[in-house]
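> got a predicted model here, sequence first, then my questions.
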Amino acid sequence: MADAFTIQSNAADILRRFERLPNEVQGAVKRGFSRGLLLVEEEVKRRADLRLTGSRSGLASRLTSHVLVGGKAAVDGIIGFRNTRGFPYEMAQEYGATARAGGAMAIPISDEAKMLSQRGISAKDFPRKLFSRRTSRFLMEAVGGHALILHYIFVKSIPPRLHFRDSVEDNTDLVMREVVDEWEATY
């Protein structure tokens, strides 16, 4: 059984104190936080090893990722924030991941595989038969004569890409500076 842990916070006390502040002060703090957090969001995007697209809806339209193949070419993959078969993709994107010894991770690269992945369907549950040649890094589908559709690429590891936590921690002073600037501009 996993060890249980408890997180204690004084957030409720802080919010009660904040609500007792005058409305002008609350407004200044909120405006400062809003600007500061937008600046941190831009810093997160800048530092993350991501490709930003608009071809899909929701979060996936903004965050896609890529896999380097042999250190040369990049193949677009999906970065979704979901938990498929116990594999937390968001943790892998933030901290990196390594496949089990002798194993590999299947990264969806075809539009259909990406769509299925968004719905929580992994390569093992793909609706049609897929195969991989012994020397290939791809999981593919045979269609007609000799045509192949590449649906997944096998990788041994995923390097950390988001750097979200580091970006936020490195820019807390930026948020506080925006709050202070807004406070000074208000008073």
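Nice, I can see it.
> from here on, just use CA atoms for contacts and neighbour counts.
Noted.
> immediately after the host helix or strand of E169, which helix or strand?
Under the criterion of DSSP states H and E, E169 resides in helix 164-170. Using DSSP H and E, the helix or strand that directly follows helix 164-170 along the chain is helix 172-186.
> what residues does that next one touch?
Here helix 172-186 makes contact (Cα atoms under 8 Å, 6 or more residues apart in numbering) with 24-25, 28-33, 35-37, 39-40.
> sticking with E141, tell me its helix or strand.
Assigned by DSSP H and E, E141 falls in strand 138-143.
> domain map for this structure?
17-48+174-186, 58-158 (automatic domain parsing).
> make JSON lines from the ones you listed and add distance to S167 to it.
Shown next, in JSON lines, are the domains of the chain (distance: least, Cα to Cα, whole Å):
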{"stretch": "domain 17-48+174-186", "distance to S167": "6"}
{"stretch": "domain 58-158", "distance to S167": "11"}
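> worst mean pLDDT among these?
For the domains of the chain, mean pLDDT drops lowest on domain 58-158, to a mean of 73.
> coming back round to it: please flag which of the contacts of helix 172-186 sit within helices.
Among these, DSSP state H puts 24-25, 28-33, 35-37, 39-40 in helices.
> from these, which would you call buried?
Among the ones in helices among the contacts of helix 172-186, those scoring as buried are V25, A28, V29, R31, G32, F33, R35, G36, L37, V40 (criterion: 16 or more other Cα atoms under 10 Å).
> tell me the strands in the chain, going along the chain?
Remark: strands assigned in the chain by DSSP state E are 64-69, 73-78, 83-84, 87-88, 97-98, 105-108, 138-143, 147-155, 157-158.
> which other helices and strands contact the last one?
Secondary-structure packing of strand 157-158 (3 or more Cα pairs under 8 Å, 6 or more residues apart in numbering; DSSP states H and E): strand 97-98.
> for the strand it packs on, which strands pair with it and how are they oriented?
Paired strands of strand 97-98, with direction, are strand 157-158 (antiparallel) (DSSP bridges).
> can you give the distance of the partner strand from its chain's centre?
Taking Cα atoms, centre = their mean, to the nearest Å, one finds the center of strand 157-158 at 14 Å from the center of the full chain.
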